[in-house]
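> sequence and predicted structure are below.
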Amino acid sequence: MADTTKAGEPTDATPNVSGVQVVEAESEEQAVAALDEPVERGEPILQVRNLVKHFPLTQGILIKRQVGAVKAVDGISFDLYQGETLGIVGESGCGKSTVAKLLMNLERATAGEIFYKGQDITKLSGRALKAVRRNIQMIFQDPYTSLNPRMTVGDIIGEPFDIHPEVAPKGDRRRRVQELLDVVGLNPEYINRYPHQFSGGQRQRIGIARGLALNPEVIICDEPVSALDVSVQAQVINLMERLQDEFNLSYIFIAHDLSIVRHISDRVGVMYLGRMAEIGTDEQIYEHPTHPYTQALLSAVPVPDPDAREHRERIILTGDVPSPANPPSGCRFRTRCWKAQDKCAEETPLLAIPERFKSSDSPAAHESACHFAEEKDVVHAA
Amino acid sequence: MTIIDPTDAVPAPRSGDGDKTGPLLEVRDLHVEFKTREGVVRAVNGVNYSVDSGETLAVLGESGSGKSVTAQAIMGILDMPPASIPKGEIRFYGQDMLKMSGEERRKLRGARIAMIFQDALSSLNPVLSVGFQLGEMFRVHQGLSRKEAKAKAIELMDRVKIPAAAARVNDYPHQFSGGMRQRIMIAMALALEPDLIIADEPTTALDVTVQAQVMDLLAELQREYRMGLILITHDLGVVADVADKIAVMYAGRIVETAPVHELYKRPAHPYTRGLLDSIPRLDLKGQDLYAIKGLPPNLLKVPSGCAFNPRCERAQDICRTDLPPLVPVTERDGTELPGRASACHFWKETIHG
């Protein structure tokens, strides 16, 4: 594996990078055809390897000089398996939304690869890219700004068919849109209404219907319920879980609400300042976290149980997240970490199963990027 | 800018525990309406609650439940018109603030009752330095000079643990992170050591790690100054962490009040129960989430009877016709449960079975 980032700064250790079956398509036709191949349940559908996105910082008006870069995403790797939900959590500014944009190919990656069914989509363009995009759709955070107020619901949900007419023939579209409205629990007669006639929860359902229009295989949800009221949140989460079973979808669920992520996810990745700090199944992350950042994050979440407040140990981090334009050397979390030692400033910890847990079967044996990984249950009252 | 003369302080003195007439703040049968083109929106329909010194009351509700409007009425910062207060009393140390003159209320606002807003970035003036904005409290209310006010501002920034306060006092709001801005908002509310602080969703815009820092700070300062705190929020987790008692609002009314431990253990209103069941838990992984069906009501046409009846599983005919009053909740054998009340015709069934 080649070092894609700066020399001397090792990238994250990549699990089974050799396992990626790169499809060397002879022609574009073949490449497009390969996308229609079904993926077995439990096989990786999306494989991300050392993904990097740096936004250049420039100075000067006419002659722009690059003076630095905001390292929004700095070498992350993960797999998304068919039919599963991968939750990605982290504080604002950790790069989780940039990851979503990179996966959608809305931003071009600075380095690294994203394999969708074995094809590197960061290198695609034109017809092949269009075909891939049909299969990866997105649900946005804000149901108020992500729907065009001048378009009817029918036009909004039907718009993807204008770009991919092969999915629904022209005469069939109205019926398809009504079907979609029904699937997401809205009255099909609302097809001629405008977004302002709906509540926040209903608008989010419209956004979900639009995401489903092209029968995608992967849906990337960027904070899909954080703008909704508590009682409506549960409705939308339940809807998303039902649709996943019904249409065999794989979700990447990006959120800052750790309780919701635990509820919906099969696996969870914790991001900090452009890197993956820890990744594992929901039980491994929530019950047996080994990275100090995960532990602090989990302990800070208020639990809706007043009896727990006396017993729970709270780890209150000091300070704020450092700027991604000038991240700390070595481990990025060391400036706020209570375990930090000299080694943390010199050596970047790799995302791998910590040495001490390697031989054990315990749930603590999952990938964690910390030199001093240690298991600690912070969720339950002591 | 007018300097408010601090010498003739309005109601009862802050340390006068002896002549205290009732709780620190008492809201009685408060009604607030807004006149809009579509009709009259009754945002608050008869709210009653009280807070004592050193006590934390959490007002819990979804958007449109009237929790923020009640707070704005207490602060006296409602835009009137379109808003109006047709009925009700807001008693601060026993004196009805709604009967006071504008000038009298101005002396209370900031000095005795202060508010922390949700969005610190839009609540701070972007073209004035934070030191100037903090100092304004001292210049206006206490008539201090600019220099003295700035010294006080630095002291305050230290109190809310902003690092290098002296160096940052001339910085502008955009130069601070979200958590730091919220600390400045807290500092501003604390400046004149008020008796009561109203915090409207103080941590909603913040990340969890920063939220924990800010809530800790607020609790610490509240203990130190023995202030009353009204915490307005929709987050059941935050409430469980800090509140002493809770008032749950729905469609402009209080539907349940209870001490914090009691509410989570045994809710006495179907809405509260539904809310508690619909939040995913960090420490438990369940199956399907319970979802309250339907949507919060449009305040222009609140359902007749109990406003929650179209979404309620227990709803009977009586719920669609008769508005349930907020009645005290008792044990099965009639033993009183202090501080508990529910506005449901079937509270007995909800709490006991």
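That came through, no problem.
> count the residues that sit near residue A:149.
9 (other C-beta atoms under 10 Å in any protein chain shown). C-betas here are computed from N, CA, C, even on glycine.
> ok, and the closest non-adjacent residue to it?
In space, and not counting its chain neighbours, residue A:149 is closest to residue A:195: 5.6 Å by C-beta to C-beta, 6 or more residues apart in numbering or on different chains.
> OK, contacts around that neighbour?
Residue A:195 sits next to A:147, A:148, A:149, A:151, A:153, A:156, A:203, A:206 when contact means C-beta atoms under 8 Å, 6 or more residues apart in numbering or on different chains.
> let me know the closest of these to residue A:183.
residue A:206 (11.8 Å; C-beta to C-beta).
> I'd guessed the closest one sits against residue A:155; true?
No. Residue A:206 is beyond contact range of residue A:155, at 11.1 Å (criterion: C-beta atoms under 8 Å).
> the two: which is more packed in?
residue A:206 (23 against 15).
> how about the residues of the stretch 201-350 of chain B by chain A?
B:207-213, B:215-216, B:234-241, B:243, B:260-261, B:264, B:274-276, B:278-283, B:285-286, B:288-293, B:295-296 (C-beta under 8 Å from any C-beta of the partner chain).
> I should have written the stretch 1-150 of chain B there, sorry.
The stretch 1-150 of chain B comes close to chain A at residues B:62, B:63, as judged by C-beta under 8 Å from any C-beta.
> so what's residue 163 up against?
In the absence of a named chain, chain A is used. residue A:130.
> right idea, wrong chain: chain B
Residue B:163 is in contact with residue A:319, counting by C-beta under 8 Å, 6+ apart.
> could you tell me whether it really is in a strand?
No. The assignment for residue B:163, made by DSSP: H, G, I helix; E, B strand; the rest coil, is coil rather than a strand.
> which non-adjacent residue is nearest residue 336?
Using chain A here. residue A:317 (4.9 Å).
> wrong one, I was asking about chain B
residue B:330 (5.6 Å).
> my read: the one you found touches residue B:342, true?
No. In this structure, residue B:330 is not within contact of residue B:342 by C-beta under 8 Å, at 10.5 Å.
> between those two, which is the more surrounded one?
Counted by other C-beta under 10 Å, residue B:330 and residue B:342 do not tie: residue B:342 has more neighbours, with 28 against 16.
> doesn't residue B:254 make contact with the more buried one?
No. Here residue B:342 does not reach residue B:254: they are 9.6 Å apart, not a contact under C-beta under 8 Å.
> which neighbours do these two share?
Common neighbours of residue B:342 and residue B:254 are listed as residue B:326 (criterion: C-beta under 8 Å, 6+ apart).
> quick one, helices of the chain?
I went with chain A, as the question did not name one. Per DSSP state H, chain A carries helices over the ranges A:28-34, A:96-103, A:126-135, A:153-163, A:173-183, A:200-212, A:230-247, A:258-264, A:282-287, A:292-300, A:342-346.
> that answer is for a different chain, and I need it for chain B
B:67-75, B:102-108, B:120-123, B:130-142, B:146-159, B:165-168, B:178-190, B:208-225, B:236-242, B:260-265, B:270-278, B:317-321, B:347-352.
> turn those helices into CSV, including mean neighbour count and mean pLDDT.
What follows is the helices of chain B, written out as CSV (neighbours: other C-beta atoms under 10 Å in any protein chain shown; pLDDT from 0 to 100):
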stretch, mean neighbour count, mean pLDDT
helix B:67-75, 23, 88
helix B:102-108, 15, 85
helix B:120-123, 16, 78
helix B:130-142, 21, 88
helix B:146-159, 18, 88
helix B:165-168, 15, 84
helix B:178-190, 24, 84
helix B:208-225, 19, 84
helix B:236-242, 22, 85
helix B:260-265, 20, 87
helix B:270-278, 22, 88
helix B:317-321, 14, 87
helix B:347-352, 18, 83
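> right, and the ones you listed - which one's nearest residue A:364?
Of all the helices of chain B, it is helix B:208-225 that lies closest to residue A:364, at 22.5 Å by C-beta to C-beta.
> circling back to that earlier point, of the helices of chain B, which is nearest residue A:44?
Across these, closest to residue A:44 is helix B:208-225 (C-beta to C-beta), at 30.2 Å.
> who are the packing partners of the closest one?
helix A:292-300, helix B:178-190, helix B:236-242 (3 or more C-beta pairs under 8 Å, 6 or more residues apart in numbering or on different chains; DSSP states H and E).
> mark out where each domain of chain B begins and ends.
Listed domain ranges for chain B are B:25-243, B:248-281+B:290-352 (source: automatic domain parsing).
> now those as CSV including distance to residue A:232?
Output for these, formatted as CSV (distance: least, C-beta to C-beta, whole Å):
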stretch, distance to residue A:232
domain B:25-243, 8
domain B:248-281+B:290-352, 7
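> quick one: residues contacting residue A:347.
Contacts for residue A:347 (C-beta under 8 Å, 6+ apart) come out as A:330, A:331, A:371.
> at 6 Å what do you get?
Residue A:347 is in contact with residue A:330, counting by C-beta atoms under 6 Å, 6 or more residues apart in numbering or on different chains.
> quick check: phi and psi at it.
Dihedral pair for residue A:347: phi -120, psi 130, per degrees, to the nearest 10.
> go on, residue B:172?
phi -100, psi 160.
> ok, it - contacts?
Counted by C-beta under 6 Å, 6+ apart, residue B:172 has contacts residue B:129.
> with the one 5 residues further on instead?
Residue B:177 makes contacts with residue A:320, as judged by C-beta under 6 Å, 6+ apart.
> just give the nearest non-adjacent residue to the residue in the stretch 101-250 of chain B that chain A sits nearest to, would you?
The minimum distance from the stretch 101-250 of chain B to chain A, using C-beta to the nearest C-beta, falls at residue B:237 (3.2 Å). Distances taken as C-beta to C-beta, 6+ apart put residue A:302 closest to residue B:237, at 3.2 Å, once the chain neighbours are dropped.
> which stretches of chain A have low pLDDT?
Where chain A drops to pLDDT under 70, the residues are A:1-41, A:381-382.
> what parts of it come near chain B?
Residues of chain A lying near chain B by C-beta under 6 Å from any C-beta of the partner chain: A:91-92, A:199, A:229-231, A:234-235, A:237-238, A:258-260, A:263, A:300-306, A:309, A:316-317, A:320, A:379-380.
> buried among those residues? Make that a PyMOL selection.
Those of the residues of chain A next to chain B that count as buried under 16 or more other C-beta atoms under 10 Å in any protein chain shown are selected in PyMOL with:
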select buried, chain A and resi 91+199+229+230+231+234+235+237+238+258+259+260+263+300+301+302+303+304+305+306+309+317+320+379
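> which one of the contacts of residue A:195 has the most neighbours?
residue A:153 (26 neighbours).
> is it true that that residue touches residue A:192?
No. In this structure residue A:153 lies outside contact range of residue A:192 using C-beta atoms under 6 Å: 7.4 Å.
> give me the common contacts of those two.
When C-beta under 6 Å, 6+ apart defines a contact, no residue borders residue A:153 and residue A:192 alike.
> what's near enough to touch whichever residue of the stretch 1-150 of chain A sits closest to chain B?
The minimum distance from the stretch 1-150 of chain A to chain B, using C-beta to the nearest C-beta, falls at residue A:91 (4.1 Å). Counting by C-beta under 6 Å, 6+ apart, residue A:91 touches A:321, B:207.
> apply 8 Å and report the result again.
By C-beta under 8 Å, 6+ apart, the contact set of residue A:91 is A:256, A:272, A:297, A:321, B:207, B:208, B:209, B:210.
> OK, contacts around the second one?
Okay, so that is residue A:272. A:90, A:91, A:94, A:293, A:321, A:332, A:333.
> what distance do you get for the closest residue to the last one other than its chain neighbours to residue A:344?
It stands for residue A:333. Using C-beta to C-beta, 6+ apart and skipping the chain neighbours, the partner closest in space to residue A:333 is residue A:293 (4.9 Å). Distance of residue A:293 to residue A:344, given as C-beta to C-beta, to the nearest Å: 12 Å.
> now the common contact residues for those two.
Listed as contacting both residue A:293 and residue A:344 by C-beta under 8 Å, 6+ apart are residue A:337.
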